[in-house]
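>>> Give the three-dimensional model of this entry:
(one chain, ligands or ions: 1)
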Amino acid sequence: MLEVKNLTFKVNENGVERSIVKDISFTVENGEMLVITGPNGGGKSTLAKVLMGIEKADAGQIILDGEDISGYDIDHRAKAGIGFAFQQPPRFKGMTVDRLLSLAAGEPLPEQVACRMLSSVGLCAKEYLKREIDGTLSGGEMKRIEIATVLAKSHKLCIFDEPEAGIDLWSFSMLIQQFERIHEKKDQMLILISHQERIIRMADRIMVIDDGRIKNIGPREEVLPTLLKEEPSCTCMDQQA
Ligand SMILES: Nc1ncnc2c1ncn2[C@@H]1O[C@H](COP(=O)(O)OP(=O)(O)OP(=O)(O)O)[C@@H](O)[C@H]1O
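Presented below is the predicted three-dimensional model:
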């Protein structure tokens, strides 16, 4: 179980302090899929980075299966059982795809297994295994390779930040099947940050973050209808009219 208590993250912009994550508390049960959604700039990716240890919280606690991981850096959090796929994956010059997958799995992977992992995210495997993780890979290819690295190993908690971004429709369907498979097994907690209705519809619970705060959290059946009804908050055009 993941317990997040009163998490707060601030930045300093030209001497002015600004809270991006504001006193957020929630839990994720074992085997549960929580989808986080909400308007652009609401603080979702920042929350994910704070959970992973990429950004350091200013206040609050993160407890994973009873272990307080709040003070752990990114490596320790990965060791404690958190896997994370970035919204914009980093590139590693000199590193080949098969090596990265073996590193992610924590053991050397036979070619067939590495191929299967890549196929599961919609990449025709063999031609990619020896490719370098550099600027020659397209954004969508990078994204799928990164998702494959998270899927390469069983984690206590997997966090995917906008897994749909830049991925073609066919690969997206493969990805959805992967998430469904993990979800059915009920042995990993999943946090998916997404704007995509098909992903939001898979959630056990949905959490809406707006302006750094939890605006709504609850079972999918309760929260989804409120999302579909939501009106845009900008009234500039009305005022001009
Ligand atoms: N290090 C930083 N310094 C200054 N501002 C930041 C920093 N990190 C994030 N922000 C700001 O915090 C807000 C939240 O950003 P974040 O990327 O978490 O939003 P998001 O909900 O993931 O948005 P999107 O749906 O567009 O991906 C944005 O206004 C962003 O510009």
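>>> drop to CA atoms for contacts and neighbour counts, all remaining ones
OK.
>>> all strands of the protein, in order?
Applying DSSP state E to the chain gives strands spanning 2-13, 16-28, 33-37, 59-64, 67-68, 82-85, 92-96, 132-133, 157-161, 189-193, 205-210, 213-219.
>>> between these, which gets nearest to residue 150?
Nearest to residue 150 among the strands of the chain is strand 82-85; the distance by C-alpha to C-alpha comes to 5.7 Å.
>>> Can you tell me which helices and strands that closest one packs against?
helix 139-151, strand 157-161 (3 or more C-alpha pairs under 8 Å, 6 or more residues apart in numbering; DSSP states H and E).
>>> Tell me how far residue 94 lies from residue 134.
Per C-alpha to C-alpha, to the nearest Å, residue 94 is found 8 Å from residue 134.
>>> So for these two, which sits in the more crowded spot?
residue 134 (16 against 10; other C-alpha atoms under 10 Å).
>>> Name all residues that make contact with the more buried one.
91-94 (C-alpha atoms under 8 Å, 6 or more residues apart in numbering).
>>> what's the closest of the residues you listed to residue 197?
Set against residue 197, the nearest of the contacts of residue 134 by C-alpha to C-alpha is residue 91 (28.7 Å).
>>> Next one: that closest one from residue 19, what distance?
Counting by C-alpha to C-alpha - residue 91 and residue 19 are separated by 29 Å.
>>> Near the ligand, which residues of this structure are found?
11, 20, 39-46 (C-alpha under 6 Å from any ligand atom).
>>> Okay, and the beta partners of the residue nearest to the spatial centre of the chain?
Per C-alpha atoms, centre = their mean, the C-alpha nearest to the average position across the chain is that of residue 160, at 1.9 Å. Beta bridges link residue 160 to residue 85, residue 192, judged by DSSP bridges.
>>> Any stretches of the protein with poor pLDDT?
Applying pLDDT under 70 to the chain flags residues 86-90, 124-125, 230-241.
>>> how about a cut-off of 80?
Along the chain, the parts satisfying pLDDT under 80 run over 85-94, 106, 124-127, 135, 171, 228-241.
>>> Longest helix in it, please.
In the chain, with assignment by DSSP state H, the single longest helix is helix 169-185.
>>> Please work out which residues outside it touch it.
Helix 169-185 is contacted from outside by 31-33, 120-123, 164, 188, 190, 199, 202, using C-alpha under 8 Å, 6+ apart.
>>> filter those residues to the buried ones?
31-33, 120-123, 164, 188, 190, 199, 202 (16 or more other C-alpha atoms under 10 Å).
>>> Which residues are in contact with residue 30?
1-2, 186-189.
>>> of all these, which two lie farthest apart?
Across those (C-alpha to C-alpha), the longest gap, 14.4 Å, separates 2 and 186.
>>> Show me which of these two is the more surrounded one.
residue 2 (19 against 15).
>>> Can you name the residues that contact the residue nearest to residue 83 when sequence neighbours are not counted?
Nearest non-adjacent residue to residue 83, counting by C-alpha to C-alpha, 6 or more residues apart in numbering: residue 158, 4.6 Å away. Contact partners of residue 158, counting by C-alpha under 8 Å, 6+ apart, are 82-84, 150, 188-191.
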